[in-house]
Structures are given as structure tokens and as C-alpha cells.
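A.B. asks: Got a sequence here, can you build the structure:
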Amino acid sequence: MRKIQWITSLMASGVVFSSVGILGIMMGENITQAQRLPRSTSLLKAKCVNSGLGNVREEDMNVAIGRAVYSSKFYLGPGYRSAAMTCKIKPDNSQKPIFQTLNLGFGMRDNDNRSPGVEVRVYLDGNPAETRTISPSQPTTLSLDVSSVSNVSIEAVCSSGRQYCDRVYFFDAGLVRPTPQSK
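C.D. replies: Residues are numbered from 1 along each chain as shown. The predicted structure is shown next:
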């Protein structure tokens, strides 16, 4: 008798669990592959190349900018000239936008106080999009619409022809995907 009660309760549990699963699917709670993609990703995960004369290096390090600590992902070292990086953010065969926004955060370290300023230029598909001139201890942020863009280029240009310019550290270089449209 106890075996029959145990088997009956086990079968009832199975029916309840499968009903909850079916109800979840009917209520739209199933997760599609597109919904699993993270909303934001690093620009460095795109196909990127050094496209300038100076130094470009992916390196995680903590830096002080404006008396605050930032976790830098990479830097551009213009030296006496310039440094640049170009990244392909959209495949050639893609018709839909892959990313909506590019968020950049950057600056020069506090202890680089003798460095001349550096002009940071951002190009979208080869066209000038934004330019900021920064000096040591000045964190700066930018947010750019990249929904119809295939390539992003970031260039750091030394403002002095005679004096060495220190590195520009990037603590944010995030690509944000478009918000999923509900059906």
C-alpha cells in the first residue's frame, strides 16, 4: 500500500513539474539565444588592428586619473606623433545593426603632469565623429551612435612637435547592443 502511495505521489510531482515548465513556455518565459547575449561587450573583442605610428597595447592596469582610480583596458601611446587603433564592429554580410552605442572613457594619468595635451579623435567609417583634447588628470567620457557603422578608429595625437606625450588610458570601451524589440 505504501509503495502505491509513494508511486502515486511521485507521478503527481512529475505532472506538476512538467505543467510548470509548459506554463512557463506558454507565458513567454523561454529564453531565446538572442536574449542570452550580453547587452554590452568590449570594443577589444572586435577585430582590431594598430593603425598608427605610436604604441597601442591591450593591458589591464589600475591608473589614477583626476585623483580617482580607474581600471584601464588598453592605452594609446602617441609619443612625439600619434597612435591609432581601428576596429571592425560589424561583419560585411550583416544588414541589421549589431551595436547601438560606443561608450568611451579615457584620460591621462595624474603623474604624467609634464606631458603636453593629447587630442583624441574618433572616426566612424573613416569620418570624423568626435575630438577631445585632454591633459593629465582629466577623465573624459564619450557616447557615440554606431548603429549604422562598420568600423571605428580611435587616434591619439600629440599636441607638441617637440615634447613627448604620455599615454592615453581607456577605462571604458564598451559596445552596447540595441534593445531587443518585443513581439
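
A.B. asks: Each with direction, which strands does the host helix or strand of residue 133 pair with?
C.D. replies: Following DSSP states H and E, one finds residue 133 within strand 127-134. Applying DSSP bridges, strand 127-134 is found paired with strand 118-124 (antiparallel).

A.B. asks: Check what contacts the partner strand and list those residues.
C.D. replies: With C-beta atoms under 8 Å, 6 or more residues apart in numbering as the test, strand 118-124 has contacts from 76, 78, 102, 104, 106, 108, 128-135, 140, 142, 144, 146, 149, 151-159, 165-166, 168. Glycine gets a C-beta too; all of them are placed from N, C-alpha and C.

A.B. asks: again, only using 7 Å
C.D. replies: Strand 118-124 is contacted from outside by 78, 106, 108, 128-134, 142, 144, 146, 149, 152-159, 165, 168, using C-beta atoms under 7 Å, 6 or more residues apart in numbering.

A.B. asks: Ok, stretch 88-108 next?
C.D. replies: Stretch 88-108 has contacts (C-beta under 7 Å, 6+ apart) with 43, 46-47, 65-66, 115, 118, 120, 134-136, 138-152, 166, 168-178.

A.B. asks: Return a PyMOL selection command for the buried portion of those.
C.D. replies: Buried residues within the contacts of stretch 88-108, by 16 or more other C-beta atoms under 10 Å, are selected in PyMOL with:
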select buried, resi 43+46+65+115+118+120+134+136+139+140+142+146+149+150+151+152+166+168+169+170+171+172+173+174+175+176+177
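
A.B. asks: Locate residue 160 within the secondary structure: which element?
C.D. replies: Short version: residue 160 belongs to no helix or strand, going by DSSP H and E.

A.B. asks: helix/strand/coil for the nearest residue to it once chain neighbours are set aside?
C.D. replies: Leaving aside its sequence neighbours, residue 160 sits nearest to residue 116 (C-beta to C-beta, 6 or more residues apart in numbering; 3.9 Å). What DSSP: H, G, I helix; E, B strand; the rest coil gives for residue 116 is coil.

A.B. asks: Per-residue pLDDT of residue 38, please?
C.D. replies: For residue 38, the model assigns a pLDDT of 71.

A.B. asks: now residue 156
C.D. replies: Value for residue 156, per-residue pLDDT: 98.

A.B. asks: Looking at strand pairing, list the partners for it.
C.D. replies: Per DSSP bridges, the residues bridged to residue 156 are residue 83, residue 120.

A.B. asks: Give the buried subset of the contacts of strand 118-124 as a ChimeraX selection command.
C.D. replies: Command for ChimeraX that selects the buried part of those, burial taken from 16+ other C-beta under 10 Å:
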select :78,106,108,129,132,134,142,146,149,152,153,154,155,156,157,158,165,168
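
A.B. asks: now the helices: where do they sit in this structure?
C.D. replies: With DSSP state H as the criterion, the chain has helices at 2-26, 33-36.
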